[in-house]
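S.K.: structure here, sequence nowhere to be found:
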């Protein structure tokens, strides 16, 4: 437990020392605010998700939610990049080797890093949740649950990418994930592919009245399991103790 706490504090400190990363997430939040404020079609006070408003069930309509879409972008891009960046930094600075010498096992490293980034992700999700509640009528509890489920997968994926050790993948993969929900609106092939990716299911679960929520959470869970298995496989392939 001491190792996990030490890694948690070390990774959290590393994140705080790079304010541009947190600033990037706040930029996305400001972008969501501006879109909602200046686009009158982006918010509708009489029609909010069906799990809150019975009127929506009869009308069966909901405008596109920029808040949900940009949250999905933030999780896919920023949170994945944060996690990958932490692990890459540990590889390059030799911290991974030092931790292995200090008898830190892979699961302790995974747990400490996972919790630190998830804490930051929670802080990022909170303003999105409040804004979605006050300006788009979103259920704050539901918004938070969906957002955190996506954050869990994003953190696992980022740690796995970082452990893989390819700097190009660490940069390209988060950007592809982040912009996937937006690209899926303009291309049917991308839309068909993105429905199996957790970032798109975050957007769907929050903002689509006709969504199969069971399917959304199954896809998000399967994505998480795949990321965890990849972490195990890459760890064993690289023969790393951490």
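M.R.: Thanks, I have it. On a predicted model such as this, the values are computed, not experimentally measured, just so you know.
S.K.: phi, psi for residue 18 please.
M.R.: The phi/psi pair for residue 18 (degrees, to the nearest 10) reads phi -120, psi 80.
S.K.: any idea how far it is from residue 162?
M.R.: 15 Å (Cβ to Cβ, to the nearest Å). Quick note: C-beta positions are derived from backbone N, CA and C, even for glycine.
S.K.: give me the more crowded residue out of those two.
M.R.: residue 162 (28 against 14; other Cβ atoms under 10 Å).
S.K.: chain neighbours aside, what residue packs nearest to that one?
M.R.: Counting by Cβ to Cβ, 6 or more residues apart in numbering, residue 162 lies nearest to residue 87, which is 2.6 Å off, once chain neighbours are set aside.
S.K.: just residue 18 next, same as before
M.R.: Distances taken as Cβ to Cβ, 6+ apart put residue 85 closest to residue 18, at 7.9 Å, once the chain neighbours are dropped.
S.K.: what's the longest helix along the chain packed up against?
M.R.: Longest helix in the chain by number of residues (criterion: DSSP state H): helix 106-136. With contacts defined as 3 or more Cβ pairs under 8 Å, 6 or more residues apart in numbering; DSSP states H and E, helix 106-136 has these neighbours: helix 2-16, helix 19-38, helix 66-74, helix 80-93, helix 140-164.
S.K.: that older thread, for the residue nearest to residue 162, list the residues it contacts.
M.R.: With contacts defined as Cβ atoms under 8 Å, 6 or more residues apart in numbering, residue 87 is in contact with 113, 158-159, 161-163.
S.K.: could the residues you listed go into JSON lines alongside distance to residue 235 and pLDDT?
M.R.: As requested, the contacts of residue 87 are exported to JSON lines (distance: Cβ to Cβ, whole Å; pLDDT from 0 to 100):
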{"residue": "113", "distance to residue 235": "13", "pLDDT": "90"}
{"residue": "158", "distance to residue 235": "15", "pLDDT": "91"}
{"residue": "159", "distance to residue 235": "10", "pLDDT": "91"}
{"residue": "161", "distance to residue 235": "13", "pLDDT": "91"}
{"residue": "162", "distance to residue 235": "12", "pLDDT": "87"}
{"residue": "163", "distance to residue 235": "6", "pLDDT": "84"}
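S.K.: so can I have a markdown table of the residues you listed showing distance to residue 95?
M.R.: As requested, the contacts of residue 87 are arranged in a markdown table below (distance: Cβ to Cβ, whole Å):
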| residue | distance to residue 95 |
| --- | --- |
| 113 | 11 |
| 158 | 16 |
| 159 | 14 |
| 161 | 17 |
| 162 | 12 |
| 163 | 13 |
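S.K.: select only the buried ones of those in ChimeraX?
M.R.: Entered in ChimeraX, the line below selects the buried ones among those, by 16 or more other Cβ atoms under 10 Å:
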select :113,158,159,161,162,163
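S.K.: right, and out of the contacts of residue 87, which lies closest to residue 182?
M.R.: The nearest member of those to residue 182, counting by Cβ to Cβ, is residue 158 at 20.1 Å.
S.K.: correct me if wrong: the closest one contacts residue 78.
M.R.: No: using Cβ atoms under 8 Å, residue 158 is not in contact with residue 78; the gap is 9.6 Å.
S.K.: residues touching the residue nearest in space to the middle of the chain, list them.
M.R.: In the chain, the residue lying closest to the centroid (Cα atoms, centre = their mean) is residue 75, at 2.7 Å. Listed by Cβ under 8 Å, 6+ apart, the contact set of residue 75 reads 121, 147, 150-151, 154, 199, 202.
S.K.: the same query, at a cut-off of 10 Å, please.
M.R.: Listed by Cβ atoms under 10 Å, 6 or more residues apart in numbering, the contact partners of residue 75 are 25, 28, 121, 124-125, 128, 147-155, 174, 177-178, 198-199, 202.
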